[in-house]
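[1] Next come a sequence and a model predicted from it.
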Amino acid sequence: MLDGIITCSEQALHSAARVALHAFVFSILLLTVPTLDAQAKNSCLDCHSKLDAPLGVKEEQFSSSIHAQKGMNCTICHGGDPSSDDMERAMSKAAGFKGHIERAQIPSLCAKCHSDAAYMRGFDPLLRTDQFSEYQTSMHGKLLVKGDTRVAVCTDCHSMHNIRPPNDPQSSVYPVNVAQTCAHCHADQNYMKPYKIPINQFALYSTSVHHEALTVQGDLSAPTCSTCHGSHGASPPGVASVQNICSTCHVFQAQLFNSGPHKDVFSAMGLPGCITCHSNHGIQHPTDAMIGTGHGAVCTNCHTEGDVGYTAAGTMHDELGKLNDAIHRSDEILSRAEKAGMEVGEAKLALAAAQDNLTKARVTIHSVRPEAVDQEIEAGLKVTDNTWQEGLSAMAELKYRREGLLVSIAAIVLVLIALGLFVRRMESGQTGVSKESRQ
Amino acid sequence: MDIANGLRKWLDDRFGWHEIRAFVEHKTVPLHRYSYWYFLGGMTLFLFVIQVLTGILLLLYYRPSANEAYESVQYIMTQVRFGWLIRSIHSWSANLMVFTAVAHMFSVFFLKSYRKPRELTWLSGMLLLFLVLGFGFSGYLLPWNTLSVFATKVGTDIPGQIPVVGKWILVFLRGGEDVTGATLTRFFGFHVALLPGIATLMIGLHLLLVQRFGMSVPPSVEEEWKTKPPEQREMRFFPNFLLRELMAWYVALAVLGGLAALKPWELGTKADLFASAPPGIRPEWYFMFMFQTLRMLPAKVGFIDGELLGVLCFGAAFLVWTLLPFFDPGRPGRLQRLITGIGAFALAYVAVMTVYAYVAK
C-alpha cells in the first residue's frame, strides 16, 4: 500500500519536473527571441562606424535617430544587405544597394515614404505627408528642379543619419533651433553670393521681440523663420500676403488695419502692410514713440506737417501719453499708500483695467482713427481719475490714522502717569498694607 | 449712598458679597526680585480678552467661504469704519499673545513654579499654549490669501507624516485630501467655536488652580526667606498688584495701537488654488523653528524619512515638556540641574532657529 503511494508520488513528481523543464526552456526561448531580433546584424554600421567623414556614421548617432528608433536600418535609404559580412554581397546591386545618393534625388527619396499616407499612418496617424508637394512649391524646390543643387534639400535642415523629431530639443528643426539652421546657409556671405539676397536676416531676427519671446521667455509658439516663410514650402511672402502672415497671430491689429484708410493707400503705393512700419526680421517691441510726429515716429516717413495724417498721428500720440501719465501718477500714489500699509488692492485692480484700456488704445492705433483711439483713452482716464482719488483718500486716511495714534498714545501716557501717581500716593498712605511683612 | 448700600446688601444676601470682598482683600502676591514675571500670565489673559472682543467685531462682517473670505476681509480693511484697526489689533495681539504665553511658560519653567503641588497648573497652562498655537494656525488661513493657503498646505502636511493616524489627521484638518474651501470652513469652525470653547474652560481651570495653590515662590527666594523670615514680603493683589497689571495692559494697548496704525496687518493677494506655490512660503514666526529644522533635515536619516523623524522628535519633545513636573524631583540636585540645562538649550534652540529661518530665507 505504502509502496503504491510512494510510486504514485514519484510519478507525479516526475511529470511535474518535466512540465517545469519545458516551461523553463520555453521561457528562455521567449526571452531570447526579441534579444536576437534587437541585435539583428547590421554589417553597414560594423564598417561605417569605423570610417571617417563623409563615409563614417557613428553608431550612437544613428541609434538616436527617429528612423532607428522606429526599427529601420540603413537599407531604407541605401538598400543593400546588412545581414551579410561579405562587403561585395552587402553592397551588391542585386540587393538594391544605392550607395551615395545625389542631392537632387534626396527629396524624392524621402518622399517615397513621407508622401505615402498609408505607410506613414502606421507610425503616427497625425504625421503630415504633404512635405514633398510643398517643397516643390518652395524657392528651394523650384531651384533644385532647375538644376541648382546648392539649395536646401531635406537633409540640410533635418540632418542625415541622426534625424530627430521636431519636438526633440536636440533637433535642428526644434522651434528654438530653426533660425540657426536657416542661418547656416542664409547668413553665409559666400554661400549666398550667387543668389544676390541679403544675409542679415538672422542678425536682425536675433535682436527682435520675436526672438526674445522664443529664446528668452521660452514661448515655443513665438515666430521663427518657418512661421512666416513656411518650412517645406519656404519662400519669401509677397507684398500682398505679408499682412496675412502677421494676422495669423496679430488678429485684432490686422482687422483694424483692414478697416482703416491705410489698407488701400498702402496697396496703391505697393507698400507691404505691417512691415512698412514694423520692419520684418528685426521687429522691435513697439513704443508710443513710433506713433506721432516726434523723433522715432514712423508716421513721418510718409506724412508731412499740415496733412491730415500728420495731425492725426500727433493727436493719437498725445492721447496715449495722457493715459500713460495718468496711470503712472495713480500707480505712484497707490504704491506709496500700499507701502505705508494701506489696503489699496481694489484700486490697484481697477488700475489694471486702465492699463487694459491703454493696451486697447495702442492696438486701435492700427485703424489710424483718432476718435476710436480716444474712446479707449477716455475710458481709461475715467478709471485713473477714480484710482487717483482713491490714492489721495488712502494718503489722507493714513495721515488721520497717525494723528489718531498720537492722540491715543498721549491719552494712554496720561492715564499711566495718573495711575502711577495714584499707586504711589495710595502706597505712601498705606504703609504696611501694600508691602507688609508676614511677621 | 443708600442705593449703594442697598445694592451691596442685595448682593450680599444672594452671593455672599461680603465674603468675596474679604477674599479679594486678603489675596496677596509674593514680593521678591522676580515678582515682575507674575505679570506675564495676566498680560496673556488681557491679550486673550482683546482677541475675543476684536474677534466678535470681525465676525460681524467676515464670511467664511473660499469665494467671499478674502473680499470680506478686504471690505473690513477698506470700507468698515475702523475695520482696519480692529483687524490689525486682532492679528497683532494674536502674535503678542503667543509671545507672552511662551515667555510665561519659560518664566514658570525657570522659576520652577511647576513643582508640587502645581503640576496640574503647569499641565493646564501647556494645554492653553497649544490652544493658543491652534488659534494662530487656524486664524492664519481665514483671510484666504496666497501665503496663508500655501502655508496651511505645508502646515497640514506635517501631521500627515505621522505613521498610521497621519493621513486621517490630514484629511480631518483639511476636510478632504487638499486645502480647499472646505478647509476654510472647518478652520473657521475651529477658530471661532471649538477652540474658544475649550480655551475658556481651560482658562477657568488654570485660574482656579492658580487661586487654589497661590503664586509660587522661586526655590532660591524660598531658601532666603527660610533663613531670614523678616525678609518675606507680600503685596496685596487688590488694588496694588492689579493696578500695576493695569498699567502694563495700558502699555500693551499703546504698543498694539502703534503697530496697527504704523504697520497694519497685510492682506496680500487672494489665493488661487490652481496656481503653483509662490516662493517664500513660510508659516507664522512661532512655527519657524520647527519649519527650519524640518527643512534642514536630510531626506533620509538611516532607514527613516528625515521629515518624519523630525515630526516624531518634536512630538516626543513636546510630550516630555508637557509632562515635565512629573519628571522633576522637586528638590535641588543633579537631575533638576539637567532639566534646567535642557530648558535653557530648548529656549536657545527655538531662538536661534527662528532667527536663522529668517536669515536663511
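    Noted; the coordinates are in hand. Model, not experiment: these values are computed from the prediction.
[2] what secondary structure does the residue in the stretch 151-300 of chain A that chain B sits nearest to sit in?
    For the stretch 151-300 of chain A, the nearest residue to chain B under the criterion CB to the nearest CB is A:Gly218, separated by 15.7 Å. For the C-beta atoms, the positions are set from N, CA and C on the backbone; glycine is no exception. The three-state label given to A:Gly218 by DSSP: H, G, I helix; E, B strand; the rest coil is coil.
[3] So for it, what's the pLDDT?
    In this model, A:Gly218 is scored at 92, pLDDT.
[4] try A:Ile5
    As summarised for this prediction, A:Ile5 has a pLDDT of 44.
[5] what does A:Glu59 give?
    As predicted, A:Glu59 sits at a pLDDT of 82.
[6] now swap in the one 5 residues further on and tell me
    Taken from the predicted model, the pLDDT recorded for A:Ser64 is 87.
[7] Cross-check the contact I'm expecting between it and A:Asn162.
    Yes. Contact status for A:Ser64 versus A:Asn162: in contact at 5.5 Å, counting by CB atoms under 8 Å.
[8] Between the two, which is the more surrounded one?
    Set side by side, A:Ser64 and A:Asn162 show unequal neighbour counts under other CB atoms under 10 Å in any protein chain shown, the larger going to A:Asn162 at 20 against 16.
[9] quick check, A:Asn190 in a helix?
    Yes. When the secondary structure is assigned by three-state DSSP, A:Asn190 falls within a helix.
[10] Report the contact partners of it.
    By CB atoms under 8 Å, 6 or more residues apart in numbering or on different chains, the contact set of A:Asn190 is empty.
[11] How is chain B partitioned into domains?
    Chain B resolves into domains spanning B:1-30, B:32-287 when parsed by automatic domain parsing.
[12] Reformat those domains as TSV; add distance to chain A.
    Below are these laid out as TSV (distance: least, CB to the nearest CB, whole Å):
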stretch	distance to chain A
domain B:1-30	8
domain B:32-287	4
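[13] from the middle of its chain, how far away would the biggest helix by length in chain A be?
    Using DSSP state H to define each element, chain A has its longest helix at helix A:370-429. When distances are taken as CA atoms, centre = their mean, to the nearest Å, helix A:370-429 is centred 48 Å away from the chain's centroid.
[14] re the thing from before, what's the distance between the residue of the stretch 151-300 of chain A closest to chain B and A:Val176?
    Counting by CB to CB, to the nearest Å, the separation of A:Gly218 from A:Val176 is 8 Å.
[15] repeat for A:Ser259
    Between A:Ser259 and A:Val176 the distance is 36 Å, computed by CB to CB.
[16] One more: B:Phe137?
    Between B:Phe137 and A:Val176 the computed distance is 46 Å (CB to CB).
[17] Among those two, which residue is more densely surrounded?
    Taking neighbours as other CB under 10 Å, B:Phe137 and A:Val176 compare with B:Phe137 leading, 22 against 15.
[18] which phi and psi does that one have?
    In terms of degrees, to the nearest 10, the main-chain angles of B:Phe137 are phi -70, psi -40.
[19] What of B:Arg236?
    Here the main-chain torsion angles of B:Arg236 (degrees, to the nearest 10) amount to phi -70, psi 140.
[20] before we move on, the earlier item: for the residue of the stretch 151-300 of chain A closest to chain B, give its distance to A:Thr207.
    18 Å.
[21] Tell me which of the two has more neighbours.
    The residue with the greater number of neighbours, taking A:Gly218 and A:Thr207 and applying other CB under 10 Å, is A:Thr207; the counts read 12 against 9.
[22] can you give me phi and psi for that one?
    phi -100, psi 0.
[23] related to what we said a few turns ago, counting contacts, what elements does the longest helix of chain A pack onto?
    For helix A:370-429, the contact count by 3 or more CB pairs under 8 Å, 6 or more residues apart in numbering or on different chains; DSSP states H and E identifies helix A:308-339, helix A:345-364, helix B:242-262 as packing neighbours.
[24] Quick one: closest of these to A:Thr155.
    With respect to A:Thr155, and counting by CB to CB, the nearest of the helices and strands packed on helix A:370-429 is helix A:345-364 at 42.9 Å.
[25] hang on, B:Gly280 is in a helix, isn't it?
    No. The assignment for B:Gly280 by three-state DSSP gives coil, which leaves it out of any helix.
[26] all strands for the stretch 251-361 of chain B, in order.
    According to DSSP state E, counting those that start in this stretch, the stretch 251-361 of chain B carries its strands in the segments B:300-301, B:304-305.
[27] Could you dump the ones you listed into TSV and include distance to chain A, mean pLDDT and mean neighbour count?
    Written out in TSV, the entries for those read as follows (distance: least, CB to the nearest CB, whole Å; pLDDT from 0 to 100; neighbours: other CB atoms under 10 Å in any protein chain shown):
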stretch	distance to chain A	mean pLDDT	mean neighbour count
strand B:300-301	33	88	12
strand B:304-305	35	90	13
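[28] The ones you listed: which one's closest to A:Glu390?
    Using CB to CB as the measure, strand B:304-305 is the one of the strands of the stretch 251-361 of chain B that comes nearest A:Glu390, at 50.7 Å.
[29] what about A:Gly147, how many neighbours?
    Counted by other CB under 10 Å, the residues lying close to A:Gly147 total 7.
[30] List the residues that contact it.
    A:Ala104.
[31] Then B:Lys263?
    A:Gly341, B:Ser88.
[32] need the residues of the stretch 251-400 of chain A near chain B, please.
    A:Gly341, A:Met342, A:Glu343, A:Gly345, A:Glu346 (CB under 8 Å from any CB of the partner chain).
[33] can you give me the helices for the stretch 151-300 of chain A?
    A:154-158, A:175-186, A:189-192, A:201-206, A:209-211, A:225-229, A:242-247, A:251-259, A:262-269, A:274-278 (DSSP state H, counting those that start in this stretch).
[34] could I get those helices as a markdown table with mean pLDDT?
    Listed next are the helices of the stretch 151-300 of chain A as a markdown table, based on pLDDT from 0 to 100:
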| stretch | mean pLDDT |
| --- | --- |
| helix A:154-158 | 93 |
| helix A:175-186 | 94 |
| helix A:189-192 | 94 |
| helix A:201-206 | 95 |
| helix A:209-211 | 95 |
| helix A:225-229 | 90 |
| helix A:242-247 | 81 |
| helix A:251-259 | 92 |
| helix A:262-269 | 90 |
| helix A:274-278 | 90 |
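[35] Dump those into a markdown table; add distance to B:Lys27 as well.
    Supplementary listing: the helices of the stretch 151-300 of chain A in a markdown table, determined by distance: least, CB to CB, whole Å:
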| stretch | distance to B:Lys27 |
| --- | --- |
| helix A:154-158 | 94 |
| helix A:175-186 | 80 |
| helix A:189-192 | 100 |
| helix A:201-206 | 84 |
| helix A:209-211 | 79 |
| helix A:225-229 | 86 |
| helix A:242-247 | 87 |
| helix A:251-259 | 80 |
| helix A:262-269 | 92 |
| helix A:274-278 | 86 |
